[in-house]
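*Asks:* Fold the stuff below for me.
(chains A, B, C and D)
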Protein chains: 4
Amino acid sequence: MVGGGRGAFIGGVHRHAAALDGRIELVCGALSADSDKSKLSGADLCLEPARCYGSFEEMIAVEKALPSSVRMDFVSIVTPNHLHFPVAKLALENGFHVLSDKPATFNLAEARELGALVKKTGLLYGLTHNYTGYPLVKEARDLVRSGRLGKIRKVVVEYPQGWLATRIEASGQKQAAWRTDPARSGAGGCVGDIGTHAENLAEYVTSLKISELAADLTSFVEGRLLDDDANILLRFEGGAKGVLHCSQISVGEENNLNLRVYGTKGGLEWHQCEPNTLRVKWDDQPAQIYRTGSPYLGANAAAATRTPPGHPEGYLEAFANIYRNFAACIAAGAEGRAPTGIENDYPKIEDGMRGMAFIEAVVASGKANAAWTPLPV
Amino acid sequence: MVGGGRGAFIGGVHRHAAALDGRIELVCGALSADSDKSKLSGADLCLEPARCYGSFEEMIAVEKALPSSVRMDFVSIVTPNHLHFPVAKLALENGFHVLSDKPATFNLAEARELGALVKKTGLLYGLTHNYTGYPLVKEARDLVRSGRLGKIRKVVVEYPQGWLATRIEASGQKQAAWRTDPARSGAGGCVGDIGTHAENLAEYVTSLKISELAADLTSFVEGRLLDDDANILLRFEGGAKGVLHCSQISVGEENNLNLRVYGTKGGLEWHQCEPNTLRVKWDDQPAQIYRTGSPYLGANAAAATRTPPGHPEGYLEAFANIYRNFAACIAAGAEGRAPTGIENDYPKIEDGMRGMAFIEAVVASGKANAAWTPLPV
Amino acid sequence: MVGGGRGAFIGGVHRHAAALDGRIELVCGALSADSDKSKLSGADLCLEPARCYGSFEEMIAVEKALPSSVRMDFVSIVTPNHLHFPVAKLALENGFHVLSDKPATFNLAEARELGALVKKTGLLYGLTHNYTGYPLVKEARDLVRSGRLGKIRKVVVEYPQGWLATRIEASGQKQAAWRTDPARSGAGGCVGDIGTHAENLAEYVTSLKISELAADLTSFVEGRLLDDDANILLRFEGGAKGVLHCSQISVGEENNLNLRVYGTKGGLEWHQCEPNTLRVKWDDQPAQIYRTGSPYLGANAAAATRTPPGHPEGYLEAFANIYRNFAACIAAGAEGRAPTGIENDYPKIEDGMRGMAFIEAVVASGKANAAWTPLPV
Amino acid sequence: MVGGGRGAFIGGVHRHAAALDGRIELVCGALSADSDKSKLSGADLCLEPARCYGSFEEMIAVEKALPSSVRMDFVSIVTPNHLHFPVAKLALENGFHVLSDKPATFNLAEARELGALVKKTGLLYGLTHNYTGYPLVKEARDLVRSGRLGKIRKVVVEYPQGWLATRIEASGQKQAAWRTDPARSGAGGCVGDIGTHAENLAEYVTSLKISELAADLTSFVEGRLLDDDANILLRFEGGAKGVLHCSQISVGEENNLNLRVYGTKGGLEWHQCEPNTLRVKWDDQPAQIYRTGSPYLGANAAAATRTPPGHPEGYLEAFANIYRNFAACIAAGAEGRAPTGIENDYPKIEDGMRGMAFIEAVVASGKANAAWTPLPV
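*Replies:* As a prediction, this is how the structure comes out:
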């Protein structure tokens, strides 16, 4: 693991997610850019001191030299955004699979370079757009794919948060500090941090790609350098239209990622705050409530579920599904077989490139007073 | 009452709303452009045959000639949109107050002319933007006005419906037929029918005016002449931003008018499908659930409520509040006194002008590929 | 109308309910036992002073003497419980139909006498167990009757309120005062006021009768003479079991009448606080959300609905459905025809007798330490 | 781990829960009474073949002989109920701490014996009444303890399920088979399986003990030997009253454990299906929505939370909190220190004894036609 030392947030999430099924063991880490802090953080996690490295370069070099039965199988990247690319690049170049936090890179050019490298090395690259790990998000995608909703016409996706409604970055809140710093976060603030999740969710569920968008970006909090609110019109390939709005200044909102999709025959609605319920709506019959773990769900949803219906599964379980599928694909490779469709269902570098293209298009549109801007493919 | 004969929808709503408090009596009507049908419809409603008129011109002329103790006190207009203006104009010119269904007129020019006429005659003009009649909508407005939410930054307002997802106007559905006909509905389809409600709700609750907008309008159903879906970016005077989307092709949606408003200190959320609940959100303390009829609500909400908390009040009660306040203002005038603030809280011609300006701006922006378009004042 | 003068609660509800459809006009009243107050209250309602009577005896005597085209068609009783019987009795004996607030009488003996009188006179008697006026309550009953849920096994019905959590009757709150006074309310406190509604709702929806019950009654508030909380085990004819609990000391609860019914094949769930939603649950397929006004609902629900889906209908509309059906049955009688099944769907004296039997059984069981007690038929 | 081999349910839950924090490692197991199956099941879990035992007796004997640095630290018991006691007894007698699935034993006599043994050995005994592991359940308890709700008057706790609405045990469903078999499940069916969870939750949150109860038990499904539905009146020490109902024949219900508690000043409501929301209700101010992870929550809730608000935590996380606290107490003991209050917050043998007393009282009351029955202490 690279990043995720004391004071970090997402590193702990990755560790819980990796641990949940008892199949993945954290064996080493460059948990901090500060060598001492890396060792202290590693001690918190019962890592062997010798495998608590002071830098990712050291980690990769030393681990590579270890016997294959001992050395790490893949690298988890949980650093701020600006380090995603250099770590992933070095890992891939040295033969390690990579599972990275999102967004994939600092900018689109890096993402494209990474895409080429993944292709060249034949190694696996996963990206923790974790919301697609929820069982009912998979069911929603399968429902759209089945054609039961008809041709998709409209998509509404939103991700409001409120935690950056004041300038908490000025008071040293670590999570806020790097997310509002263009040098570490990239060109997008709110858009890069959570807007990409919304974009990924919409494209995942609908199997449609956004073709162009018009974005009104705002930095409401005085002195903030990056956007903290975005209202975006979407047009999809094939004619669907939509709205994406995300915000970090919507006071009182937690992580309210919500999705509504409407086709010619039916609609669906999913809310991350109540992730085990999927509402499916029809023109002429009562709406239906799909519930995680129910016997009528499809194979993908079933495979992503650990408990019976009514025992709520949450964020960590969804996150763990990304890890589980990614690890299963590594195992499949080790066994010399192709992964199953279920195993192969995790976000990849292509999703990462889409995300970076989305961020760049949004920022460009925002600068151009919400002019329609295509997503570079 | 003009319009609202057999087969109509909103006429019945107006009649229920007017009747609810037992203070307003329907005394005459030009319920249909067809004289026979007008009489039959009047008979359904126990009107005196002699006061079931074949045209609004006849109604106004005959009623005007009746003794003041007998003749109608005001005219309710519940026709398709294209007739709102001529009826209102004639009524005002003949000394009758007017309570009209929305939108106020067929276009902005008419609305302005009507505004001038209202001013000139000194008569009362009300507009049934009925959603502002809900107690908790009034409370929401008062909450914003109190400053407790801080300065407003973001507004999300939406009104999805699904009933026009197929071309039911082609099969003779009367409500669909005129709403999708530019000659009777005006320049806006979905935008005029329900988008104006969303616009009015947002402006009412925030006490802010939309300064410009960028609208992506679509007619998804083949052969339909007017928009049936709209995604709109909003900018408000004073710097708030927002999104308004409305739709009549969102399969499975009923009349899901929803509003979220976020200020620097707090936020609020209201849903028409559950109108007796208002969620108020804070940065650092638990969200609160305000409920219709509760003792902690303000005077405006209290005055708009007929039953104790937990006895749900609905659409007709909200609609009736418009009628009640309008009638109270007429009564105040008859008594030679100024109406109270509570009585005077109903939508007026200024709201009608805003609504028509909104429709025209949306349609213009839509034609210009979602270019930013100001709302003419 | 008898009762319902200034300061009353349910009288106003009855008047709104009667007025809503514009078919029933309040023509006279004995609105208060105090003759002056009766006239003042009548003036508030625009009644002719001559028809504001000082007593119900006077009202019945004078109205009876009026020409049939002028005199009242039926008597609405909205007094405290102890007066329900004498007013109803006198009205029936003088040829007037009766629509009474619940519970029907002060005790079961009176209810039986009233039942005999209704039968003997052939006049109509309606009882405002208003919750059965909700469209989806009718749909729920029809769903059970259709057999789609299978044989009913379990019923959970609850009616928690919190408004009597402190001894507000001691401070002169009029509504609290008579409801906690055995001389005016009868043997049951909470059980008579709202427990009967729960009982009626359960029996109406399931079409099953409670055969015996075991009740744990409590007066939590010191000094209160009647129960303010009841927990009751239910056994139904045919073997279904259930729980009924009601309370007026459940702080923070409004009028949360809730019903769940489970059969061998499916279940249903309805909440008065969100009355336009009915959840229907299945063993092997997703739960369904039935919504008021939807095209898939049956004839009874449709007839009880005034607006399209998503325009919430509330308490007053449900109440008005009792009035509407009752008035339709009077009209049918006047026309010499039998009422339709839809018209005839309102609570009658038989429901009133069930309610009084329920109250007496609960109180008896409560006194016997929750011993099983049959409901006298 | 004892039990939890292929085909089991709760064993997997325990393993996920133990693994989640990366601090507990499954090192050995007697996963099945069938030695071969135990080894196969162990292989599924990557256990060393040598530590996949054919019986719990073997496991305990062999592990005891291992060096302390290698041997298991505690025994998890995830068998059907009838084996809980013998395994726990042998483990304790051989110096191993025990974490057992509930109910603690097969009957109350065993639970008492176990209680004495725990006391005598000084070893730790934990019981997975996992619902008390939810952050907001802890907050609810702390809220009651703080006195902010006043003196508790009423408790409504319910746990409806629908999965045993038909006789699926007859078709070989393993989970159904042992739960409906008196020889493996004990005297209670539904009551033992889920009723005890409801009892534990109510007593945990209110800090009140049930003093007596009156239970109406039913076996609705023909041929079933144990109860599948229970309606129970509760009386608590100190005068609070309540209702507990649980069911396995409530078609369409999942694991809908719900709790409502009302005091003299306020009330609270929690639903397992939406476990990250706690409604807190007041007499004279708006209800509040407490949310997992929020900064205003107390120390116990905070310590039981792994992610920020709006990232839903679920059943496994709550379960893991039992494991985490239990393991922390073992660690504290190893470090020679007393556990903190937060660490020490997990269900113990005293809870197990309460649970068994509850089951026996319910069954006895059920046999006596719902006679009031005290809970033996």
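
*Asks:* Could you name the specific helix or strand carrying A:Cys273?
*Replies:* Element membership for A:Cys273 (DSSP states H and E) is empty, with no helix or strand holding it.

*Asks:* does chain B sit close to stretch A:186-196?
*Replies:* No. With C-beta under 8 Å from any C-beta of the partner chain as the measure, stretch A:186-196 is seen stopping short of chain B, the closest distance being 11.6 Å. Where you see a C-beta, it was placed from the backbone N, CA and C, and this is true even at glycine.

*Asks:* List the buried residues in that stretch.
*Replies:* For stretch A:186-196, a neighbour-count test (16 or more other C-beta atoms under 10 Å in any protein chain shown) marks A:186-196 as buried.

*Asks:* Residues in contact with it: which ones?
*Replies:* The contact list for stretch A:186-196, computed with C-beta atoms under 8 Å, 6 or more residues apart in numbering or on different chains, reads A:81-82, A:102-103, A:106-107, A:129, A:159, A:161, A:164, A:179-180, A:185, A:215, A:217, A:219, A:224-230, A:232, A:244, A:246-248, A:255, A:257, A:355, A:358-360, A:362-363.

*Asks:* Out of the buried residues of stretch A:186-196, which comes closest to D:Ala318?
*Replies:* Nearest to D:Ala318, judged by C-beta to C-beta, of these is A:Ile194 at 26.4 Å.

*Asks:* Confirm that the closest one sits in a helix.
*Replies:* Yes. Counting by DSSP: H, G, I helix; E, B strand; the rest coil, one finds A:Ile194 located in a helix.

*Asks:* what does the helix or strand hosting A:Ala116 contact?
*Replies:* Assigned by DSSP H and E, A:Ala116 belongs to helix A:108-121. For helix A:108-121, the surrounding residues in contact (C-beta under 8 Å, 6+ apart) are A:85, A:88-89, A:92-93, A:95, A:104-105, A:125, A:348-350, A:352-353, A:355-357, A:359-360, A:376.

*Asks:* Keep only those of those residues that are in helices.
*Replies:* Counting by DSSP state H, the part of the contacts of helix A:108-121 found in helices is A:85, A:88-89, A:92-93, A:349-350, A:352-353, A:355-357, A:359-360.

*Asks:* In the stretch 51-200 of chain A, what residue comes closest to chain C?
*Replies:* Closest approach between the stretch 51-200 of chain A and chain C, counting by C-beta to the nearest C-beta: A:Glu139, at 10.6 Å.

*Asks:* Grab the nearest non-local neighbour of that residue.
*Replies:* A:Ala301 (4.1 Å; C-beta to C-beta, 6 or more residues apart in numbering or on different chains).

*Asks:* swap in A:Tyr204?
*Replies:* A:Thr132 (4.9 Å).

*Asks:* Which stretches in chain A count as helices?
*Replies:* Shown for chain A, the helices assigned by DSSP H span residues A:10-19, A:35-44, A:56-65, A:84-93, A:108-121, A:135-145, A:174-179, A:182-185, A:190, A:196-206, A:299-303, A:315-334, A:349-367.

*Asks:* Give the other helices and strands that the third one contacts.
*Replies:* The helices and strands touching helix A:56-65, judged by 3 or more C-beta pairs under 8 Å, 6 or more residues apart in numbering or on different chains; DSSP states H and E, are strand A:74-77, helix A:84-93.

*Asks:* tell me the most buried of those?
*Replies:* When neighbours are counted by mean count of other C-beta atoms under 10 Å in any protein chain shown, the highest per-stretch mean among those falls to strand A:74-77, a mean of 25.

*Asks:* Check the offset of it from the chain's centre.
*Replies:* Relative to the chain's own centre, strand A:74-77 is displaced by 14 Å; criterion: C-alpha atoms, centre = their mean, to the nearest Å.

*Asks:* what do you get for stretch A:103-111?
*Replies:* Distance, stretch centre to chain centre, for stretch A:103-111: 13 Å (C-alpha atoms, centre = their mean).

*Asks:* Quick check: buried residues in that stretch?
*Replies:* Of the residues in stretch A:103-111, those buried (16+ other C-beta under 10 Å) are A:103-108, A:110-111.

*Asks:* The nearest residue to A:Ala177 once chain neighbours are set aside: neighbouring residues, count only.
*Replies:* Leaving out its chain neighbours, the residue that sits closest to A:Ala177 by C-beta to C-beta, 6+ apart is A:Glu169, at 4.9 Å. The burial metric for A:Glu169, expressed as a neighbour count using other C-beta atoms under 10 Å in any protein chain shown, is 21.

*Asks:* And the pLDDT for A:Glu169?
*Replies:* Per-residue confidence for A:Glu169 comes out at a pLDDT of 95.
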